[in-house]
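K.L.:
3D, please:
(chains A and B)
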Amino acid sequence: MKKLLLILVLLMVAVAVLAACGRNGDEQSDATPSPPPVTGQETQPDQQPPLDLGILGPHNPVTWTMMIVTDNMPPAADNWLMERIREELGVTLIFDIVPGDLQDTRVATMLAAGATLPDIIHVTQLDAHMAAGGTLMRLDPFLESGMFPRLQEHHAPYIGRLSFREGPVEPGLYQMATWNRFYTDDQGGGPIMGPTHGGTGFWLQKSVLEFHGFPNLDNMTLERYFDMIEEYMIANPTIDGMPTIGFTFPMLGRVWGMTNPPQFLAGHPNNGEVLVENGIARIYHTSEYAEYYWRALNDAFHRGLVDPESWTRTQDEYQAALATGRVLGFHDQGWAFGTPRDALIEAGRYERTWIPTMPVMRSGTTPWYADRPVLNVNQGIGIPVTSDNPEHKLLFFETLLQPEWQMLFTWGREGIDYHVDANGNFYRTAEQRRNADEAAWRLSNRVEVLWDAIPKIQGSLPCGNAYTPGNQPSEFYEGLSDYFRFFLTSYGLGTWTQFANDPPSNPPYYPAWQAPIPGGTPAAEAAAQIQDILPRLVPGLISAPPGEFDTRWAAFIAEFEMVNTEALEAQIQSFIDDRIARAR
Amino acid sequence: MLMSIPMLLYVILFAYVPLGGWVMAFQNFRPRFGVGPIRNLIEAEWVGLAHFRTLLDTSGHTGARFIRALTNTVGQSLLTLVVGTISAIVLSLMLHEVRQTGIKRFIQNILYLPHFLSWMIVTVLVSMALALPVSGGIINDVLLALRIIREPIQFLAEPRYFWGIVAGANLWRNLGWNTIIYMASMTAIDPNLYEAASIDGANRYRKMWHITLATIRPTIILLIIMNIGWLLASGFEIQFFLGSGPSIARAENIDIFVLRFGIEQHNFGLATAAGVFRTGVSILLLLAANLVAKLMKQETLF
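P.N.:
The predicted model follows:
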């Protein structure tokens, strides 16, 4: 018993020491150039009382199976952070990793078969089948209990948006928010944008822009986009001995990569399948913007710019094609092709990476490709109803939400993975930066699967540093290659994000793609039918022989007329109306 | 009698009990966790034949898609069955004529090998072979070299090739394997028959036609009847992995349809209805084939 007390006391001391962010806890908040403004919704997590460890700790060791939907790799056996979690919190996690494309199958079988549930469930299905199926605990009573101040603070400002109301279960919070809950606003009221553009765009290889003498990219049109590609392609029919690919897009598994552009060409932000004008949602796949886009691609196809293999490539083949560096242009979202981009950078082929351009259909339309980060809803961690110690698990996530734990996930250990300068700014040496770029190193020193799944502090840490090295301005500049600096200087810009449009603030309903479509309803049926029609008929539109586009377009429209699009539009509309009403 | 009880229990438990799930075809089934599968079924909302009506109403999109899936299933299966059976018989006949046992064994073993590759690997091989020459598509390379085609063909992007791709992949993988039963029944042929035919002046081809083929006819018919029972199951992997692009129009079969609607869209009722429909038609087909065989006074299943 005495021993236990001693351990507890030691732990408290350890936590207290750890709780000092960086080297000189107090000094640095003064040294931070401009402390982030604290608006109504934002708080500084370190003002909260220190956590009472209670049931959580090495005196109470537990082993939990945690189901995580992610494409990241599980940590290596010698991972120090997993070891530290085990030593200091007494928690041993066994990861049950489900790749995104197998999630539906896994969830459906768990629900229908009533199988044993993992101890902790992380799912990212927009339709929240797990919550609707009664698998997850309603978390509101726990958060209201005051036992978990950080988690409560994490969710309270957005609880209306995060509450699940679609299913037969009691409305409430079933999944903790894991992404895009920003704590601090690092541009004085402006949008929180990282230095790299993770959103959507018509990407163009840097060498193409260099070839054209770094042309101004304002007032971009599809015509100009394809002209630039064509001229470069004529001059460079092959890259490294392989035929140059003018334009492609992801399709299998991510059909939206092919079909989303009409809304952007119309100057609208990403609302999934619909354009929202004056609060009214309507499906755009048969609109003039869609016709314009497919006609433009058809034209580019006959100029030999669109790769005919685009629509038969699997996800892996698409990423592999990008990684060869011979793809000049494509439409995709920035977060989705990190692997080939990193591979090109690792190989030193900087000029083969891409920057986002933002073409629109009518000149004068303001592009709205980049949007402000949106809080993920219906995606995140839930505690199964079968759990007999929900408090213990919540306390675990409460603890991980402490800045000092958060830093271990993103920055690592001070002095080993990063350093702190006299002003309290975090920085890394070239070697530390190189380490973090290496996949194998990350498996032993980061736990990306868990980081992907836990509630986290995004924006700035309480000590003023960015929450990840990649978002720390000084780290971003230091990490740039000479070519990248040359490229940015040629445009007179400081970050890649500045190539994208300045995102206006998000409308209160935004984004409409978060509208849940309950399975088995007419709306879900219509959504499924649209997902059947698009990949089946769009390739035929793009590759239509000269003179046949109009007949194929008519056939495409005719197929859409068989779909009950009104049901889907009504479902999305009710979501929009609901959010607008709540925002008032 | 006593010995068959374990097997009987096994079949009842794993083949008949799950049929209880078929009631989902008449329900709007929404599983709730923690109440158990039985209560889930009892508490679900009954919709009668609504799902079957949706499936067979070709004026609606889902109905049209189901009929397309049905057509694809039958088309792919029939093509696979015809191509597979004829090639297996021809190959068996040819192998049967190889007199040196060592060489025959060697050829047979080589022919069996593809059967032991998993469908996943076969799928990757097929997709590579059918790609454009830039991506290493050997079939296009060969056709171009032989001047059969002038422009490379994108096999996987053209729906009209897909049935052929399914039949071809099945043929490549299972050809050797399918000869086993034919070869076995050929070895059972009484050598005296061949001698007698030789004496009557029959040449090699006459003997193949009148003795070998005639003797294995019951085997052929039995195998065809059994395969007709599988006509509405045209496989899954090739269609799933290679048929998600534009070729889906000729790729989506009933199995994929069930997966998409049931597991992916949580429309368990409609998916079950499609499955029940498939089973029903399969049984009818099997009975019909059996009846035809009986009328032709051939070997039958029952």
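
K.L.:
which one is B:Ile180 nearest to, not counting chain neighbours?
P.N.:
B:Tyr112 (7.9 Å; C-beta to C-beta, 6 or more residues apart in numbering or on different chains). Glycine gets a C-beta too; all of them are placed from N, C-alpha and C.

K.L.:
C-alpha coordinates for the helix or strand the one you found falls within, CSV please?
P.N.:
When secondary structure is defined by DSSP states H and E, B:Tyr112 falls within helix B:101-112. Taking Å, rounded to 0.1, in the frame of the first residue of the first chain, the C-alpha atoms of helix B:101-112 are listed here in CSV:
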residue,chain,number,x,y,z
THR,B,101,3.2,-41.7,-69.1
GLY,B,102,6.1,-39.5,-67.9
ILE,B,103,5.5,-36.7,-70.4
LYS,B,104,1.8,-36.9,-69.7
ARG,B,105,2.3,-36.5,-66.0
PHE,B,106,4.6,-33.6,-66.5
ILE,B,107,2.2,-31.8,-68.8
GLN,B,108,-0.7,-32.4,-66.4
ASN,B,109,1.2,-31.1,-63.4
ILE,B,110,2.1,-27.9,-65.3
LEU,B,111,-1.5,-27.5,-66.3
TYR,B,112,-2.8,-27.9,-62.7
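
K.L.:
so A:Ile355 sits in a helix?
P.N.:
No: counting by DSSP: H, G, I helix; E, B strand; the rest coil, one finds A:Ile355 to be strand, located in no helix.

K.L.:
residues touching it, list them.
P.N.:
Shown in contact with A:Ile355 (C-beta atoms under 8 Å, 6 or more residues apart in numbering or on different chains): A:Trp203, A:Leu204, A:Lys206, A:Leu209, A:Trp496, A:Phe499.

K.L.:
redo that, cut-off 6 Å
P.N.:
A:Phe499 (C-beta atoms under 6 Å, 6 or more residues apart in numbering or on different chains).

K.L.:
again with the one 10 residues further on
P.N.:
Taking C-beta under 6 Å, 6+ apart as the criterion, A:Thr365 is in contact with A:Gly267.

K.L.:
do you know the pLDDT at it?
P.N.:
pLDDT recorded at A:Thr365 is 94.

K.L.:
likewise for the one 10 residues further on?
P.N.:
Here, the pLDDT recorded for A:Leu375 equals 87.

K.L.:
sec struct for it, please.
P.N.:
Of the three states, A:Leu375 takes coil under three-state DSSP.

K.L.:
follow-up on the earlier one: next SSE downstream of the helix holding B:Tyr112?
P.N.:
Criterion used, DSSP H and E; the element after helix B:101-112 is helix B:119-129.

K.L.:
which helices and strands does that next one pack with?
P.N.:
Applying 3 or more C-beta pairs under 6 Å, 6 or more residues apart in numbering or on different chains; DSSP states H and E, we find helix B:119-129 packed against helix B:162-187, helix B:237-242.

K.L.:
export those helices to JSON lines and tack on mean pLDDT?
P.N.:
What follows is the helices and strands packed on helix B:119-129, written out as JSON lines (pLDDT from 0 to 100):
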{"stretch": "helix B:162-187", "mean pLDDT": "92"}
{"stretch": "helix B:237-242", "mean pLDDT": "89"}
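
K.L.:
which of those helices sits most buried?
P.N.:
Comparing the helices and strands packed on helix B:119-129 by mean neighbour count (mean count of other C-beta atoms under 10 Å in any protein chain shown), helix B:237-242 ranks first with a mean of 22.

K.L.:
CA atoms only: put whichever helix or strand comes after that helix into PDB for me.
P.N.:
Per DSSP H and E, the first helix or strand lying C-terminal to helix B:237-242 is helix B:248-251. The C-alpha trace of helix B:248-251 is given here as PDB (Å, rounded to 0.1, in the frame of the first residue of the first chain):
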ATOM      1  CA  ILE B 248     -19.100  -2.300 -64.500                       C
ATOM      2  CA  ALA B 249     -22.000  -2.400 -67.000                       C
ATOM      3  CA  ARG B 250     -20.900  -5.900 -68.000                       C
ATOM      4  CA  ALA B 251     -19.100  -6.800 -64.800                       C
END
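
K.L.:
how near is the residue in chain A that chain B sits nearest to to A:Glu525?
P.N.:
Closest approach between chain A and chain B, counting by C-beta to the nearest C-beta: A:Gly519, at 3.1 Å. For A:Gly519, the distance to A:Glu525 equals 10 Å [C-beta to C-beta, to the nearest Å].

K.L.:
over to A:Thr312?
P.N.:
Distance from A:Thr312 to A:Glu525, by C-beta to C-beta: 27 Å.

K.L.:
got the residues of chain B near chain A?
P.N.:
B:31-34, B:36-37, B:61, B:132, B:134, B:154, B:156-157, B:244-246, B:248-249, B:263-267 (C-beta under 6 Å from any C-beta of the partner chain).

K.L.:
next step: the residues you listed restricted to helices.
P.N.:
Judged by DSSP state H, helices contain the following of the residues of chain B next to chain A: B:Gly36, B:Pro37, B:His61, B:Ile248, B:Ala249.

K.L.:
ok, and the most crowded of those residues?
P.N.:
B:His61 (23 neighbours; other C-beta atoms under 10 Å in any protein chain shown).

K.L.:
quick one: contacts for it?
P.N.:
A:Gln529, A:Met562, A:Val563 are the contacts of B:His61 under C-beta under 6 Å, 6+ apart.
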